[in-house]
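**Student:** Give me a model of this one.
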Amino acid sequence: MRKLFYFLMLALLTFTLPAHAKEYLLGAGDVVHITVYDHPDLLVDAAQIDEDGNLSVPLIGATPVAGLTTSAAQKRIESALVKGGFIINPHINLIVQQYRSKQISVLGQVNKPGKYALESTSNVSDLLALAGGISPLGSDNIILIHKVDGKLQQTPINTLALFKGGKLDLNYTIADDDILYVPRAEVFYIYGEVQKPGAYRLEKNMNIMQAISLGGGITLRGTERGVQIRREDDNGKPVVIPADAMATVQPDDVIYVKESLF
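**Tutor:** Residues are numbered from 1 along each chain as shown. Down below sits the predicted model:
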């Protein structure tokens with residue numbers, strides 16, 4: 001199931017929708033490379049946009065480019081060169097060498113949590129790919145935290161619906177300072193006479209037989225007749241429930257396999 005999930009995620013990353021494609025907006029800290037056709041003396045390499053959003057360009061000096069796309073910044077520089085009487089018909093090529101102005105965070109149960117530079121207009125699937133994907137204990141339900149009118153807003157995203165169900169409207173576009181949080185998946189615990197006792201990821205509609213198989217099966221000393229579920233009732237009080245093979249496992253259940261008396 002998890003392998004299929006990752007395959008579908010990679011497939012989705014391969015086929016992106018044009019509706020999500022928007023040009024990157026330059027910002028303070030970005031490093032750019034500028035060439036002027038037929039004027040190699042005006043080459044600008046590794047120039048950083050300053051805190052005021054200006055870029056130092058030969059002949060015209062500080063030029064405001066923050067908030068512009070690269071194509072718009074090129075036109076602004078060309079216009080300034082023409083107005084200054086320096087070049088009659090300039091052709092500018094501006095390329096971003098390092099993206100530093102916009103950062104996003106991917107936290108929780110991913111393989112490479114941390115802060116990442118937003119290199120272009122990205123979406124949820126892009127961020128998960130940057131962070132190495134959801135870890136084995138990561139939940140299928142993740143949270144996008146972003147600002148709306150200056151206030152933090154949390155948007156839940158079901159990754160199975162996105163990647164397996166093809167609901168691409170859940171593949172939200174990411175903005176500067178957004179946070180993508182992947183909680184820990186719901187788990188159950190199994191111990192007693194099983195081969196591999198421990199905590200395991202709880203899959204939807206999992207039954208006792210499937211849970212025991214994840215634990216490596218019952219040992220030679222164990223018995224299926226002695227399986228119990230230990231869980232909390234609605235009042236938070238622990239209760240013990242005898243369980244058959246098809247009983248449904250719930251989050252945080254503790255499955256105990258007893259030793260056979262004979």
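
**Student:** where exactly do the strands run in the stretch 1-150 of the chain?
**Tutor:** 31-36, 44-48, 54-57, 61-64, 92-98, 103-108, 114-117, 141-148 (DSSP state E, counting those that start in this stretch).

**Student:** average pLDDT across the second one?
**Tutor:** Put plainly, it is strand 44-48. Strand 44-48 shows an average pLDDT of 94 in the prediction.

**Student:** do stretch 247-256 as well
**Tutor:** Stretch 247-256 shows a mean pLDDT of 94.

**Student:** Could you dump the strands of the stretch 1-150 of the chain into a markdown table with mean neighbour count and distance to Lys258 added?
**Tutor:** (Glycine included, C-beta is placed from N, CA and C.) What follows is these, written out as a markdown table (neighbours: other CB atoms under 10 Å; distance: least, CB to CB, whole Å):
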| stretch | mean neighbour count | distance to Lys258 |
| --- | --- | --- |
| strand 31-36 | 18 | 65 |
| strand 44-48 | 14 | 68 |
| strand 54-57 | 19 | 73 |
| strand 61-64 | 14 | 74 |
| strand 92-98 | 16 | 61 |
| strand 103-108 | 19 | 36 |
| strand 114-117 | 14 | 45 |
| strand 141-148 | 16 | 34 |
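
**Student:** Bridged to Val57, which residues?
**Tutor:** Here Val57 sits in beta bridges with Gly61, going by DSSP bridges.

**Student:** Is it correct that it is in contact with Val44?
**Tutor:** Yes. Using CB atoms under 8 Å, Val57 makes contact with Val44 at a distance of 6.5 Å.

**Student:** picking up where we left off before, kindly present the strands of the stretch 1-150 of the chain as CSV, with separate columns for distance to Ser260.
**Tutor:** Below are the strands of the stretch 1-150 of the chain laid out as CSV (distance: least, CB to CB, whole Å):
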stretch, distance to Ser260
strand 31-36, 69
strand 44-48, 72
strand 54-57, 77
strand 61-64, 79
strand 92-98, 65
strand 103-108, 41
strand 114-117, 49
strand 141-148, 39
